Each structure stands twice: as C-alpha cells, then as structure tokens.
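Chemist: A predicted structure for the sequence below; I have some questions about it.
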Amino acid sequence: MWKFTVRRILIMIPQLFVLSIFIFVLAHFMPGDALSGLVDPNVDAATLLAKKKALGLDNPWYIQYIDWMKAALQGDLGKSFHYKMPVADLISQRIVNSFWLSLATLILTYIIAIPLGITSGRFNDTWTDRAITGYTYIGFATPLFIFSLVMLWAFGFYLDWFPTSGSVKPGLVPGTFDYVMSKIYHLLLPALSMALISTVGTVQYLRNDIIDTKQKDFILTARAKGAPESRVYNHHILRNSLLPIAAFFGYEITGLIGGTVFVENIFGYPGMGQLFLGSISLRDYSVVNSLVLLFGVATILGALLSDIILSIVDPRIRIK
Amino acid sequence: MEANNVELQNMAQESEKTPSGMRIIWREITRDKVALISLIFITLIMIFVYGIALFLDKSEIVRVDLFSIHKPPSSEFWLGTDKGGRDVFGQLIIGTRNSLTIGILVTLMTGVIGLVFGIVSGYFGGTIDNIMMRILDFFMILPFLMIVIVFVAIVPKYSILSFSLIMTAFLWMGKARLIRSKTLQERELDYVQASRTLGSSNMKIIFSQVLPNLSSIIIVNLTLSLANNIGLESGLSFLGFGFPESTPSLGTLVSYATNPQTLQYRWWIWLPASLLILVLMLSINNVGQALKRATDARQRRG
C-alpha cells in the first residue's frame, strides 16, 4: 500500500508544478500588472521604473516564476489591490467560513444520502424506492443555483425560518455559545441547499450497487445459513457498497468548490467563493491568482485522497 | 423441393431481421410516455423560440426605457418589465434561443474534440496514449468554474463563439475519457484484430468498425451533456460571467433574483426563466435517459 501511495504522490508533484506554471502564465494575461496594487498611479515614470526594479518585475519570466513560487510557499501571496492588505490574510479570514460550510455540506450530504440509498436499494421497486428515484432524477437535472434561489425564497424570505445573509449575527462576541449557535443557524440553509443536490450522485450509486450486490451468490449463502435479514444487510451488503463512497469523498471536495461559488453568492455568505467573485469584478488579480492556485491544489489533493482511500479499501487497485 | 428450401430460407432470414437503430430508438421513446412528452415539448420550444426570434426586434427589447421600470405583467408586457424597463417576455424568448444555441454549440464542439481525442488515444495506445492521458489529467485538475470565469474576465472581445470556445476548452475531458475506454474495449475484439491481420488501414478500421459501435454511447452522451451545458451556461450568466447584460439570456434573467426586492416581490422577472431552465433540462434529460435505455436491450421497455 505504501508503494502505491508513494507512487501516487510522486505523480502529484509534476501536476502541482504544471498547475502553478499555468496559473503564472494566466496571471500575465490579466490586464494590469502586479505593480498596480502597490503604487499610487499618479507617480511619475522614473519612480515607477525604480520600483519595478526593486520588486524584481523586470527580470526574465523564469526568475519571476521562481520568486513567486518561493514567496507563495512561504505564505506570501502578494497584496490585494482593493483591500490594501496581504492576500494571505484576506484568504485566512474567509477560509474558516468556507471550511465550515463545506464540512456542514459534507456531513448533511452523507447523513441524507446513505439512508436514502440503502432504503432505495433494499426496498427496490416499492413506492418508497420510486419516490427516492424520482427525487434523484429531478435533483440530477436541477441546477444548483436555481435550487438555492428557491430555497432562499421559500425558507428565508417567505417562511422566515432562516437568516438570508451573512455568516453570523452581528454584535455577538466570538467564543460564546450564542455566537456558535448563530454561526450554525446561518450555515444551515446554504449547506442544506448544496447537500440536497449533491446527495443525488451518492444515492444513485448506492442504490445501484446494493441492487447488484443483492443478487450475488454470497448473499444467497448467508441467507441459506440462516442469517437474519438485518445482518445480511448491515454486515454483508453494506461493507461492499459503502466503501467506494468513502473513496469518492475526495471528488466530492472538487464538487464543493464549484458549488460554494454559487451558494455563497446567493446566500451572501462571506467565504472564499464570494471573495473570488468579488475580486474578479474588482479586477483584483493578485487575489484571483492565489485563489485559483489554492482551489487547484485542493482539487489535486482531493483526487490524491480519493485514490489513497480507494487503494486501502480495494486491494485490486494496489496489485495492479 | 427447391422452391420450399428457398422459401424456408427467406422466412428464416425475415424473422431474424432485427429492427434498425432508429426504429429501436423511436419505439423506446414512444413507449416511455414521459420521454415522448419531453421530446414534443423540446421540439415545440425550439420551433417557437427560433421562429419567433426572427420576428422580434432585438434592439427594441434591450432598449432601456426608464418610464416602464418594474411593471407587473399586463396586456402590453406579457411578463412585465425588468429594472431597465425591458420586456421580460421578449427577453425570455431571445434568451432561450441564445441559451439553446450555446448549449448546442458547446455540446457539438466538446463532442468532436472528445471523440477525436478519445479514439486516437484509445486506438493507438502506447506512448501516444500516455502523453494524451497526461494532457487530459492536467485539464481535469483545473477547477472548471473558476478557470472559465477568469478567462471570461480576461478575453476582451466577446461573442457567442468565443464564449462557447472557452467553455469547450475545459469541458471535453469527460467525453474523451469515456470514448477512450470504449475504444480500448472495441480494439480488443476479434473482428478488429482480424481486420488488422488482414491489413486494413487504421483509418478504415476506425471509421467502419470502431466508430459505429461507439455511436450509441456518443448519442446518449451528447444528449445528456446538452442538458448539462445549458445548465452551466445559465449558471455562468447568472454569476455575470456569461452573456453581457445587453444580450438576454435565461441566466441573466435569473440573476435579477439576487436582489431581495426582486426575489420577493417581482417574481415575473426570475421565476419564468428559472422554470424554463428547469423544464428544459429535465426534458432533455428524459429523452437522454430513454435513448440510454434504448441502447441497452436489457433495460428496454418496448
């Protein structure tokens, strides 16, 4: 298993490298150079040139790349033009919010999807199964942003059950119980919206897998040996079907990244997605760069995590 | 005796004649009531939207008229007006046409790229396959939404074609993977090996043997991804990184709902567009699922 993991990590390193080069090149096509974030545009040309030299911006591109990489690896991601503060600080403020949102979404997704998938697979072809399948069908076709809008309108504005923006009620002191409760309260609607859509993949997969496994010979054997139905399901079938779900976990992270951009926008939730959209509109390209790099790295790491878990869980992959 | 033999042979041949591909597909769709209704609905919408859009005066609809802001539906404006005093119903029609056009364009382009990439990679194997797979892996790493938004923000000159190209550039990977794995399977089949032994050229094998067997997968995949692409384009327009505001799109109509006032009190702006996106995607999905069942004989209902 270690051999596989090491091999997989070794593949990841060139991927990270190519990703960073791609983003670096992309950054150079963005209008406005790195200097516009740092100096007053009214300064005269000579001072501008001197500043350029001081910051190393007239070096050839490969030296600039190495400088950028060195700085980034130490946590210095440049300065934001709009907020006039280091990008790293800006991101670290938001990343906590996005983290909790993603975590809540993942938890909700699995809490909802696994029972639904099991019920649907076990009680195949009953009305319950048909209802659940109908739900997955519609959920699969519904775009996330439309669903979130409807949720916001229905539960936020119309029924007034949930707050409609922000991550916490203003005026509360961090660390108190009220603060934590308010944070959770603000999290619920966005996380629920994302979760209800992302459950459909897992439910469909679980359902199909359980239906397939149900018909295998070893289940027949278990029943013939007198195992109670509950043991057949909870022990034999689930062990086969649940493990790949754990493996897809890494890919769920990738899906979350795209989802948070929409959901944070709609619910006014101050996280990284909102930061990304705002920075693009404001042409704050140092922030955009760092965010794209961060998300790319997160995607690569997510894929790595999935592959490693899958290799632990499914020995056939290791042997190959 | 001779006549009987010939007759028997003819009868045997006739009873063995399997229905052609199109007949299977058509039968499957008609047996599935939902898919049939969906197909009719889509066709009607397309005719309606593309047809009427020819008669509508586009510049008139997008002209800002400050005296007619936020009017509810009436006999003059069938779906009211938006914040610029523009007719929502007209925008809905032109927007649907634009969204459909982009969806179809992107689907076709990703289809072609994915097909070529997948077949070359899967059929020729070896080093070519390795290199192409590395390229594919790299593209799969990029966070799609982010990259597309960044490109849209950078590219100065904007049009339906450039937008479609940007989307296509980061969307072809799934198809290529699918086609490649299918091609790998096909390549190992006996009749392909036989053709190679007999010395048929590669192109001939690909076009006459591998490609027809891929056709069912391609059709299903194209249909399902059409639905997905329409959703993606609407999402991008919703965020403001699809069409500019002067070009109506379903996504931009929905984007007005981010204003809480519009969300609560002016449903006529965003609700019809949202419903239309939803129903379009569902319908295309239905037809796609029916096609999928048609390709797998075990799942057919007909």
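Modeler: Looks like it came in fine.

Chemist: Give me the most central residue, chain B.
Modeler: Geometric centre of chain B, nearest residue: residue B:226, 1.4 Å, by CA atoms, centre = their mean.

Chemist: Show me the shaky parts of the chain.
Modeler: Here I'm looking at chain A. For chain A, the stretches with pLDDT under 70 are A:1, A:31-60, A:81, A:316-320.

Chemist: oops, chain B please
Modeler: Low-confidence segments of chain B (pLDDT under 70): B:1-4, B:9-21, B:57, B:59-62, B:68, B:75-76, B:244-245, B:297-302.

Chemist: Output the set of residues of it in proximity to chain A.
Modeler: Proximity of chain B to chain A (CB under 8 Å from any CB of the partner chain) is limited to residues B:137-138, B:141-147, B:149-150, B:153-154, B:227, B:231, B:234-235, B:238-241, B:254, B:257-258, B:260, B:263-264, B:270, B:274, B:277-278, B:281-282, B:285. (Glycine included, C-beta is placed from N, CA and C.)

Chemist: Selecting buried members of the residues you listed in PyMOL, what would you type?
Modeler: Selection of buried members from the residues of chain B next to chain A for PyMOL, criterion 16 or more other CB atoms under 10 Å in any protein chain shown:
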select buried, chain B and resi 137+141+142+143+144+145+146+147+149+150+153+227+231+234+235+238+239+240+241+254+257+258+263+270+274+277+278+281+282+285
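
Chemist: The residue nearest to the centre of chain B falls within a helix, correct?
Modeler: Yes - using DSSP: H, G, I helix; E, B strand; the rest coil, the assignment for residue B:226 is a helix.

Chemist: That one against residue B:284, yeah?
Modeler: Yes - assessed by CB atoms under 8 Å, residue B:226 is found in contact with residue B:284 at 5.5 Å.

Chemist: what's the burial count for residue B:47?
Modeler: A count of nearby residues for residue B:47, using other CB atoms under 10 Å in any protein chain shown, gives 10.

Chemist: any idea which element it lies in?
Modeler: Taking DSSP states H and E as the definition, residue B:47 sits inside helix B:33-55.

Chemist: Could you do residue B:264 as well?
Modeler: Here residue B:264, judged by DSSP H and E, is contained in helix B:260-265.

Chemist: State the distance from residue B:253 to chain A.
Modeler: Residue B:253 is 11 Å from chain A, where distance means CB to the nearest CB, to the nearest Å.

Chemist: Look at that residue and say how many residues are nearby.
Modeler: The number of residues packed near residue B:253 is 27, by other CB under 10 Å.

Chemist: Need the phi and psi values for residue B:170.
Modeler: Per-residue torsions, residue B:170: phi -120, psi 20 (degrees, to the nearest 10).

Chemist: related to what we said a few turns ago, so how far is the helix holding residue B:264 off the chain centroid?
Modeler: On the basis of CA atoms, centre = their mean, to the nearest Å, helix B:260-265 sits 32 Å off its chain's mean C-alpha point.

Chemist: That one - contacts with which helices or strands?
Modeler: Contacts defined by 3 or more CB pairs under 8 Å, 6 or more residues apart in numbering or on different chains; DSSP states H and E place helix B:260-265 against helix B:267-295.

Chemist: Check whether the nearest residue to residue B:95 once chain neighbours are set aside sits in a helix, strand or coil.
Modeler: Using CB to CB, 6 or more residues apart in numbering or on different chains and skipping residues adjacent in sequence, the residue nearest residue B:95 is residue B:248, 4.0 Å away. Judged by three-state DSSP, the three-state class of residue B:248 is coil.

Chemist: Please tell me I have it right and residue B:248 contacts residue B:99.
Modeler: No - contact criterion CB under 8 Å: residue B:248 and residue B:99 do not qualify, at 9.3 Å.

Chemist: Which residue does the stretch 201-302 of chain B have closest to chain A?
Modeler: Nearest residue of the stretch 201-302 of chain B to chain A: residue B:231, at 4.1 Å (CB to the nearest CB).

Chemist: Give me the phi and psi angles of residue A:86.
Modeler: The phi and psi torsions at residue A:86 (degrees, to the nearest 10) take the values phi -60, psi 140.

Chemist: With residue A:269 instead?
Modeler: Torsion angles, degrees, to the nearest 10, at residue A:269: phi -90, psi 120.

Chemist: cool, and residue B:159?
Modeler: phi -160, psi 170.

Chemist: where's it relative to chain A, distance?
Modeler: Using CB to the nearest CB, residue B:159 is found at 18 Å from chain A.

Chemist: Check the spacing between that residue and residue B:105 real quick.
Modeler: 11 Å (CB to CB, to the nearest Å).

Chemist: Looking at those two, which one has more neighbours?
Modeler: Ranked by neighbour count (other CB under 10 Å), residue B:159 and residue B:105 place residue B:105 first, with 19 against 10.

Chemist: and the closest residue to the more buried one other than its chain neighbours, what does it touch?
Modeler: Leaving aside its sequence neighbours, residue B:105 sits nearest to residue B:164 (CB to CB, 6+ apart; 4.4 Å). Neighbour list for residue B:164: B:102, B:105, B:106, B:109 [criterion: CB atoms under 8 Å, 6 or more residues apart in numbering or on different chains].

Chemist: So the third one, which state does it fall into?
Modeler: By that I understand residue B:106. What three-state DSSP gives for residue B:106 is helix.

Chemist: just to revisit the earlier point, of the contacts of residue B:164, which pair is most distant in space?
Modeler: In the contacts of residue B:164, two members sit farther apart than any others by CB to CB. They are B:102 and B:109, at 10.5 Å.

Chemist: Give me the more crowded residue out of these two.
Modeler: The neighbour comparison of residue B:102 against residue B:109 (other CB under 10 Å) goes to residue B:102, with 25 against 18.

Chemist: what about that one, which helix or strand?
Modeler: Residue B:102 is part of helix B:88-124 when elements are defined by DSSP H and E.

Chemist: Output the contacting helices and strands for that helix.
Modeler: For helix B:88-124, the packing partners by 3+ CB pairs under 8 Å, 6+ apart come out as helix B:33-55, helix B:58-61, helix B:126-141, helix B:160-169, helix B:173-187, helix B:211-239, helix B:250-255, helix B:267-295.

Chemist: Show me the contact partners of the next helix or strand after the third one.
Modeler: On the C-terminal side of helix B:126-141, the closest following helix or strand by DSSP H and E is helix B:144-154. Applying CB under 8 Å, 6+ apart, the external contacts of helix B:144-154 come out as A:26, A:29-31, A:257-258, A:261, A:276-277, A:280, A:283, A:288, A:291-292, A:295, B:163, B:166-167, B:169-171, B:235-236, B:239, B:241-242.

Chemist: would you put the C-alpha positions of helix B:144-154 in CSV?
Modeler: The C-alpha coordinates for helix B:144-154 follow below in CSV (Å, rounded to 0.1, in the frame of the first residue of the first chain):
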residue,chain,number,x,y,z
PHE,B,144,-13.8,24.4,-14.2
LEU,B,145,-15.9,27.2,-12.9
MET,B,146,-13.0,29.3,-11.7
ILE,B,147,-11.0,29.0,-14.9
VAL,B,148,-13.9,29.8,-17.1
ILE,B,149,-14.8,32.8,-15.1
VAL,B,150,-11.2,34.0,-15.2
PHE,B,151,-10.9,33.5,-19.0
VAL,B,152,-14.2,35.3,-19.5
ALA,B,153,-12.9,38.2,-17.5
ILE,B,154,-9.7,38.4,-19.4
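
Chemist: Give the burial count for the closest residue in space to residue A:183 that isn't next to it in sequence, as a bare number.
Modeler: The shortest distance from residue A:183 to any residue other than its chain neighbours is 4.9 Å, reached at residue A:168 (CB to CB, 6+ apart). By other CB under 10 Å, the residues close to residue A:168 number 20.
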